[in-house]
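K.L.:
Attaching a predicted model along with its sequence, questions to come.
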Amino acid sequence: MKQKLVESGTDGGAALMPHPDVAPSTGGIAAGVLMCVMSMSSIQFGSALSSPIIHAYGPAGAT
């Protein structure tokens, strides 16, 4: 396996650490995008479903 040398970041590059080449993962990116979209959708659905309660009882009554 081919290795790169990268700076450790704490000593100004005086000591270098070996870092193995790792193939990029597109599955992790897709999962992150999916979780972000689902989170935004969940917030929107929750807001839409609680709107009548907030109008009837006010913001303090909906908590």
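P.N.:
Sure, I can see it.

K.L.:
pLDDT weak spots in the chain?
P.N.:
1-20, 22-24, 62-63 (pLDDT under 70).

K.L.:
Quick check: residue 31 vs residue 37, distance?
P.N.:
Relative to residue 37, residue 31 is positioned 11 Å away (Cβ to Cβ, to the nearest Å). Where you see a C-beta, it was placed from the backbone N, CA and C, and this is true even at glycine.

K.L.:
Tell me where this structure has helices.
P.N.:
Secondary structure of the chain, counting by DSSP state H: helices at 26-61.

K.L.:
Against residue 46, how distant is residue 54?
P.N.:
Noted for residue 54: a distance of 11 Å to residue 46, by Cβ to Cβ.

K.L.:
which of these two has more neighbours?
P.N.:
Between residue 54 and residue 46, residue 54 has the larger neighbour count (other Cβ atoms under 10 Å), namely 14 against 10.

K.L.:
And the more buried one, how far from residue 60?
P.N.:
Here the criterion is Cβ to Cβ. By it, residue 54 lies 10 Å from residue 60.

K.L.:
again, but for residue 53
P.N.:
Going from residue 53 to residue 60 by Cβ to Cβ gives 11 Å.

K.L.:
Repeat that for residue 41.
P.N.:
According to Cβ to Cβ, residue 41 stands 26 Å off from residue 60.

K.L.:
between those two, which one's more packed in?
P.N.:
For residue 41 versus residue 60, neighbours defined as other Cβ under 10 Å are more numerous around residue 41 (10 against 7).
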